[in-house]
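sequence and predicted structure are below.
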Amino acid sequence: MLLASLIIIAVALTCTMFGTKERMLGFPCALFWALTGAQAYTLSTTPWGDIYYYLAFGSLLGMTIFTAFAAYGLREKRDTLADEEMEEESKEQGYYDEGKEKTSDPFAIEDTSKPSKRTRNLRKRAKQRRGEGD
């Protein structure tokens, strides 16, 4: 009965982790798979001879490691520092169309709105490097 409940909890946690893509469930998954394997090993009587030994082997060496690596693989990846900066700027600036007039042509090459904060900072640094100053 204990083994069946451990298996149900471990499978439910694993399915929930992958279903919700929540990496924080990786540790409980690995923990319950290890407990399942340990309980199955205590019930085993013959090495490589009964189903409990195979269950222990699969749980301890298979699913425990798999769920630990899966939790690491489900993390949100950032490619570069520029991605983080762009995300911060988009939160500060709001939407792209906020500064434009409603009647302006969205496909126009010339943009009549003021440049973004990042563009202004880049131009300011370029002027400082050239020695023009403000």
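Here it is on my side, so go on. Numbers count the residues shown, from 1 in each chain.

name the element residue 46 belongs to?
Using DSSP states H and E, residue 46 maps to neither a helix nor a strand.

quick one: contacts for it?
residue 53 (Cβ atoms under 8 Å, 6 or more residues apart in numbering). (Glycine included, C-beta is placed from N, CA and C.)

can you check the one 4 residues further on too?
Residues near residue 50 by Cβ under 8 Å, 6+ apart: residue 44.

residue 44 versus that one, what's the distance?
The spacing between residue 50 and residue 44, counted by Cβ to Cβ, to the nearest Å, is 6 Å.

for this structure, what helix or strand is lowest in average pLDDT?
helix 81-93 (a mean of 62; mean pLDDT, DSSP states H and E).

any idea of the mean pLDDT in the next helix or strand after that helix?
Where DSSP H and E defines the elements, the next helix or strand beyond helix 81-93 is helix 117-130. Confidence for helix 117-130, expressed as mean pLDDT, is 87.

how about low-confidence regions in the chain?
Scanning the chain for pLDDT under 70 picks out 77-113, 133-134.

got the CA positions of stretch 21-36 in PDB?
Only the C-alpha atoms of stretch 21-36 are listed here, as PDB (Å, rounded to 0.1, in the frame of the first residue of the first chain):
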ATOM      1  CA  LYS A  21       6.300  23.700 -16.800                       C
ATOM      2  CA  GLU A  22       7.000  24.600 -13.200                       C
ATOM      3  CA  ARG A  23      10.700  23.800 -12.500                       C
ATOM      4  CA  MET A  24      10.200  24.200  -8.700                       C
ATOM      5  CA  LEU A  25       8.500  20.800  -8.700                       C
ATOM      6  CA  GLY A  26      11.700  19.100  -9.800                       C
ATOM      7  CA  PHE A  27      13.000  18.600  -6.300                       C
ATOM      8  CA  PRO A  28       9.800  17.000  -4.900                       C
ATOM      9  CA  CYS A  29       9.600  14.800  -8.000                       C
ATOM     10  CA  ALA A  30      13.200  13.500  -7.500                       C
ATOM     11  CA  LEU A  31      12.600  13.100  -3.800                       C
ATOM     12  CA  PHE A  32       9.500  11.000  -4.200                       C
ATOM     13  CA  TRP A  33      11.100   8.900  -7.000                       C
ATOM     14  CA  ALA A  34      14.000   8.200  -4.600                       C
ATOM     15  CA  LEU A  35      11.600   7.300  -1.800                       C
ATOM     16  CA  THR A  36       9.700   5.000  -4.200                       C
END
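
with that, I have no additional questions.
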